[in-house]
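Chemist: A predicted structure for the sequence below; I have some questions about it.
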Amino acid sequence: MQQRSVAKTRSGKPAAANPAKGPTSSKQRKNRNNAITSITGRSGMENTLLMFVTFMMFVIAISFVYQFTILLDGNNNNNNADGTGIVPDGENKHGHGHGPLEVMTNLRFRNMQKLQTIIEKAKGGIRGMHLPGAVSGPKTKNENNNNNMIDISDQIPASRQKAPKPVAPTINEAKAAVVGASAVVVSTDGSQPHLDPPVPYLPIFSTIPNGETLIQDTLNGKPTIAGITALLQKYMSEFHDENMRLSQSKASGDEILDSFYTLARKHLVPFDKAYRNKPVFPIREDDSVFLSLASFREHLLADTLQYAFDNAKYPEKLFIGAVVQNCFGKVNEDGSIDASGKPCKTGRQVIGKNKKGQDQTKVSDVEIDKNGIEDFCKQDKYKKYCESGQIRVVYVHETESLGPAMARYHASKLWGGETYYVQTDSHLQFAVEWDEKYRDEFKAAKSTPKVVLSSYPPGFSPGNGNNVHESPGARLCFCETKVEDPNPIIRINTGSSYNGSEKYPTQIPFIAAGFFFTHAEFLVDVPFDPFIPWCFMGEEIALSMRAWTHGWDIYAPRKNLIAHQYRPGRMGLPKFWGTVGRLYGRPGMNTKLQGSVIKRIKNMAGYPDATLEKIREENIEFIMEDLEHYSLGDKRSRDDYLKFSGISVDKKHDALQCERIVWCNQGTKE
């Protein structure tokens, strides 16, 4: 090691330190400056200047590190005047760059205990200071930064320390960093910056810090789950205010429809437009699974989540997007919620028979609905999934429930780049290793990767246990139109089942909205339609036709790996159309609203009574908004699909009629 030069006296002995505190004589100062000059080759003034430059470099380094910790803190505090947080050099507020933000997203932080290490490096001069793992461009698929971690010390001021927040999810275990008495959880995987800042799963209707900034970033090509959630929250909040106004004014159906379409154009269309024909996030090829759950006043939501995680082979790869539509209580004018008493209503409960032997029903007052997310997340066994960001949720007052098709649209927006997309109902049971078995079945289909697995699962009843028997799967080979429906449209149903000896899954013509499993690229080709509110029937034939004409083949899985609770009306469970009727003061209002909207689907499907000319005659052309982006594909034609699925046009009755689909029942198409 190089020895540091030591100033000596003329006698050759080391100069003793002068402990005196008083002023130094001019002669002493001159001798000291001469000594320094003889050692360094620089004058005293030059050395003073050098010391000043070194000090300023040290200050700059400390400033950089301090701002770096602010960025790590999630920009949740208003770091500059407009409350948007720090926008470093090289990083456009709404664009991409290679400033400290991008550096930060490529680093991983274990804890808050080594900021001092960085500071000490800065003391030694900024030259040679290196940030491991910092890169100027996006991380490639094969890069592994597991060893490129910088640890931060507990030097952050107490005023900036935060309460626990969820860890951005990783395939490897996410870790928490503790600062003093408060835990700050940060991502250890810089490959998923869109998961930061984390979104709170509780309490309900939590405000997302810097929500407006995150929304604008999302609309300008820098999406985050937090930004998307904030956008949906803003939309739902305005929709709630509109609904209260419409309810109080006894608005007509036309006014209600106009209000919905106005808000959808304002909030939903710009988001969809920003990511049209491309995924919102890069699709991770890590076999992760996103499970879309649309829940309307669901008492089995927590059970469904438990079964899904308990029986998954890789629960760390399972991510949930839940839309929880509940009666949370009475909403006051200031937005607060009064959950006391019995502010909610049941569905129509059968209470007996009348003299003619017909069922007598009534609607009763009840307490608020169970929050399945809260019931799931409060359990120690499952809390880790909630805190790691694997549970993403949007809460919706039941008054803003628009039917299953719209709830599934909202849930699809919570997808965060997972490999597979799964849509199910929220009252299910799952077989052991269901995730891996569906992945294997997907890969076994001959049309992979443009494959959709779908089925109507067998039913289960409460008290029958929670183990799903892996029975042979049934094919969706049947369709019909029930003329007694208020707005008749094709329904699908099951046909024959597998016998158990088939080597490969076989094709079917229909997708069940209550269960399908596919690759996330499906969301690019067949994005969910934001313009089909209040529809219960119709979403399945729309999904089927759109997927098939976009080049996706539909398969029935050979085994049933889930079970579904089928619910006859006599169970007395609430239905969304009952809420719509109460909200607007007319029991049949949902049927009226649906009657207009469903013609959007019927036009796409080729119904004779829903041509564009007839829609114009009814003065409801607005229902065709942006249909070109949510309609049939160009890989195969509608006529080809109708022939494939055994559907023909019945011009006499202005309807589509179904025929027996022999090839489907026989399983001849692989």
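Modeler: Thanks, I have the structure now.

Chemist: buried residues of stretch 258-271, list them for me.
Modeler: Along stretch 258-271, these residues count as buried under the neighbour rule (16 or more other C-beta atoms under 10 Å): Ser259, Phe260, Tyr261, Leu263, Ala264, His267, Leu268, Val269, Phe271. C-beta here means a position set from N, CA and C on the backbone, and glycine is covered the same way.

Chemist: and that stretch, end to end?
Modeler: For stretch 258-271, the first and last residues are 20 Å from each other (C-alpha to C-alpha, to the nearest Å).

Chemist: what average pLDDT does that stretch get?
Modeler: Mean pLDDT, computed over stretch 258-271, is 97.

Chemist: name the nearest of the buried residues of stretch 258-271 relative to Tyr421.
Modeler: Phe271 (17.7 Å; C-beta to C-beta).

Chemist: so the closest one sits in a strand?
Modeler: No - counting by DSSP: H, G, I helix; E, B strand; the rest coil, Phe271 falls outside a strand, being helix.

Chemist: what sits against it?
Modeler: Under the criterion of C-beta atoms under 8 Å, 6 or more residues apart in numbering, the neighbours of Phe271 are Thr218, Leu219, Ile228, Leu231, Lys413.

Chemist: give me the number of residues near Lys383?
Modeler: Burial of Lys383 is recorded as 13 neighbouring residues (other C-beta atoms under 10 Å).

Chemist: surely Gly646 touches Leu656?
Modeler: No - in this structure Gly646 lies outside contact range of Leu656 using C-beta atoms under 8 Å: 10.6 Å.

Chemist: more neighbours: which of these two?
Modeler: Remark: of Gly646 and Leu656, Leu656 carries more neighbours, 22 against 18, as counted by other C-beta under 10 Å.

Chemist: spit out the contact partners of the more buried one.
Modeler: Thr481, Ile490, Ala605, Gly606, Tyr607, Leu642, Ile647, Ser648, Val649, Asp650.

Chemist: turn the buried ones among those residues into a named PyMOL selection, would you?
Modeler: Entered in PyMOL, the line below selects the buried ones among the contacts of Leu656, by 16+ other C-beta under 10 Å:
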select buried, resi 481+490+605+606+607+642+647+649
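
Chemist: of the contacts of Leu656, which belong to strands?
Modeler: Those of the contacts of Leu656 mapping onto strands are Ile647, Ser648, Val649, Asp650, per DSSP state E.

Chemist: lowest-confidence one in the residues you listed?
Modeler: Asp650 (87).

Chemist: skipping adjacent residues, who's closest to that residue in space?
Modeler: Leaving aside its sequence neighbours, Asp650 sits nearest to Gln657 (C-beta to C-beta, 6 or more residues apart in numbering; 4.5 Å).

Chemist: whichever strand or helix holds the one you found pairs with which strands?
Modeler: Using DSSP states H and E, Gln657 sits in strand 655-658. According to DSSP bridges, strand 655-658 has the following sheet partners: strand 647-650 (antiparallel).

Chemist: give me the below-cutoff pLDDT ranges for the stretch 51-200 of the chain.
Modeler: 51-55, 58-191 (pLDDT under 70).

Chemist: how about the ones in strands among the contacts of Leu656 in a markdown table, adding distance to Leu543?
Modeler: Formatted as a markdown table, those follow (distance: C-beta to C-beta, whole Å):
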| residue | distance to Leu543 |
| --- | --- |
| Ile647 | 15 |
| Ser648 | 20 |
| Val649 | 20 |
| Asp650 | 22 |
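
Chemist: poorly predicted segments of the stretch 401-550 of the chain, please.
Modeler: 463-465.

Chemist: what mean pLDDT does the strand holding Gln657 have?
Modeler: Rounded mean pLDDT across strand 655-658 is 90.

Chemist: how near is the most centrally placed residue in the chain to Gly606?
Modeler: By C-alpha atoms, centre = their mean, the mean C-alpha position of the chain lies nearest to Leu414, the distance being 1.7 Å. Going from Leu414 to Gly606 by C-beta to C-beta, to the nearest Å gives 33 Å.

Chemist: and Ser336, by the same measure?
Modeler: For Ser336, the distance to Gly606 - C-beta to C-beta - is 49 Å.

Chemist: just to revisit the earlier point, make TSV out of the contacts of Phe271 and add secondary structure, neighbour count and distance to Phe536.
Modeler: Formatted as TSV, the contacts of Phe271 follow (DSSP: H, G, I helix; E, B strand; the rest coil; neighbours: other C-beta atoms under 10 Å; distance: C-beta to C-beta, whole Å):
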residue	secondary structure	neighbour count	distance to Phe536
Thr218	helix	25	30
Leu219	helix	18	31
Ile228	helix	26	26
Leu231	helix	24	26
Lys413	coil	27	21
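
Chemist: any chance of the residues you listed in JSON lines, plus distance to Leu301?
Modeler: Shown next, in JSON lines, are the contacts of Phe271 (distance: C-beta to C-beta, whole Å):
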{"residue": "Thr218", "distance to Leu301": "27"}
{"residue": "Leu219", "distance to Leu301": "31"}
{"residue": "Ile228", "distance to Leu301": "21"}
{"residue": "Leu231", "distance to Leu301": "23"}
{"residue": "Lys413", "distance to Leu301": "19"}
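
Chemist: now the two most distant members of the residues you listed.
Modeler: Leu219 and Lys413 (12.8 Å).

Chemist: go ahead and confirm Gln594 touches Cys535.
Modeler: Yes - using C-beta under 8 Å, Gln594 is in contact with Cys535, at 5.6 Å.

Chemist: now for those two: what residues contact both?
Modeler: With C-beta under 8 Å, 6+ apart, Gln594 and Cys535 have common neighbours Gly403.

Chemist: quick one on the thing from earlier: quick check: bridge partners of the residue nearest to Asp650?
Modeler: Ser648.

Chemist: burial of it, as a residue count?
Modeler: 15.

Chemist: that one and Lys651 touch, don't they?
Modeler: No - judged on C-beta under 8 Å, Gln657 makes no contact with Lys651 at a distance of 10.4 Å.

Chemist: where do the helices of the stretch 301-450 of the chain begin and end?
Modeler: 301-311, 372-377, 380-387, 404-412, 434-444 (DSSP state H, counting those that start in this stretch).
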